[in-house]
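Q: sequence and predicted structure are below.
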Amino acid sequence: EAQVTQNPRYLITVTGKKLTVTCSQNMNHEYMSWYRQDPGLGLRQIYYSMNVEVTDKGDVPEGYKVSRKEKRNFPLILESPSPNQTSLYFCASRPGIVLYGYTFGSGTRLTVV
Amino acid sequence: GQQLNQSPQSMFIQEGEDVSMNCTSSSIFNTWLWYKQEPGEGPVLLIALYKAGELTSNGRLTAQFGITRKDSFLNISASIPSDVGIYFCAGLFGTYKYIFGTGTRLKVLA
């Protein structure tokens, strides 16, 4: 089944403790992206990647890092999480042909206390 | 960053009613997508629109690409309880970036 898989689904952590949210896609998509969803703000892009070793900032990149060492994986790293990073996070991927839109993972709900 | 304005923000409707929602921007978009997010899941693509004025249906859902290219509309006919969720529009800005709307939360009363 074609899908985007992200883990974990739920995570509670403490301020300052580094964490990684993994994301993997099995569709051989070139583009991958991370979004955060907050009430009233919709989906905001954190980082995106156009291909292996090519990443760029989205609209809200502060406090996050990403890497794209393999085409299928695009982990999101929070080096020192803070409470304002409590949110619902989605990984998404799409083909190089932009018209097809993104396929989303099931989400990771992160709480930073 | 840019965002698209969706309205209404939320709505309660009776089962069987038709639903209309829209997405507007001050910028021109080249493609419009409509997604639905069910509780506990990621957004799933419903309809894609590629030309100004285009009208496309997917079952009981019909979406339109506004003539000005600055807006899009989604209609759901004869709503049913499983239509509940958050509906997002997304506009293709330039050649590679999708901008997402703020979402319309739909609740259907049986």
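A: Yep, that arrived.

Q: use CA for all of it now, contacts and neighbours both
A: Will do.

Q: find the nearest non-adjacent residue to residue A:50, please.
A: residue A:31 (4.6 Å; CA to CA, 6 or more residues apart in numbering or on different chains).

Q: quick check: that neighbour touching residue A:53?
A: No. The criterion here is CA atoms under 8 Å, and residue A:31 misses it with residue A:53 at 11.5 Å.

Q: so how far is residue B:47 from the residue nearest to residue A:50?
A: Note on residue A:31: its distance to residue B:47, by CA to CA, to the nearest Å, is 20 Å.

Q: and the two? Which one has more around it.
A: residue A:31 (24 against 19; other CA atoms under 10 Å in any protein chain shown).

Q: quick check: beta-bridge partners of that one?
A: residue A:94 (DSSP bridges).

Q: residue contacts, it?
A: A:48, A:49, A:50, A:51, A:93, A:94, A:95, A:96 (CA atoms under 8 Å, 6 or more residues apart in numbering or on different chains).

Q: ok, now residue A:12?
A: Counting by CA under 8 Å, 6+ apart, residue A:12 has contacts A:110, A:111, A:112, A:113.

Q: ok, longest strand in the chain?
A: Using chain A. Among the segments of chain A that qualify as a strand by DSSP state E, the longest is strand A:42-51.

Q: nope, chain B please
A: strand B:85-93.

Q: just give the nearest non-adjacent residue to residue B:96, would you?
A: With CA to CA, 6+ apart, the residue lying closest to residue B:96 is residue A:98, at 6.0 Å.

Q: interface residues of chain A facing chain B?
A: A:40-44, A:59-60, A:90, A:98-107 (CA under 8 Å from any CA of the partner chain).

Q: repeat the analysis, applying 7 Å as the threshold.
A: A:40, A:41, A:42, A:43, A:59, A:90, A:98, A:104, A:105, A:106, A:107 (CA under 7 Å from any CA of the partner chain).

Q: isn't the first one up against residue B:101?
A: No. Residue A:40 is beyond contact range of residue B:101, at 9.7 Å (criterion: CA atoms under 7 Å).

Q: quick one: which of these two has more around it?
A: Using other CA under 10 Å as the criterion, residue A:40 and residue B:101 rank with residue B:101 on top: 27 against 11.
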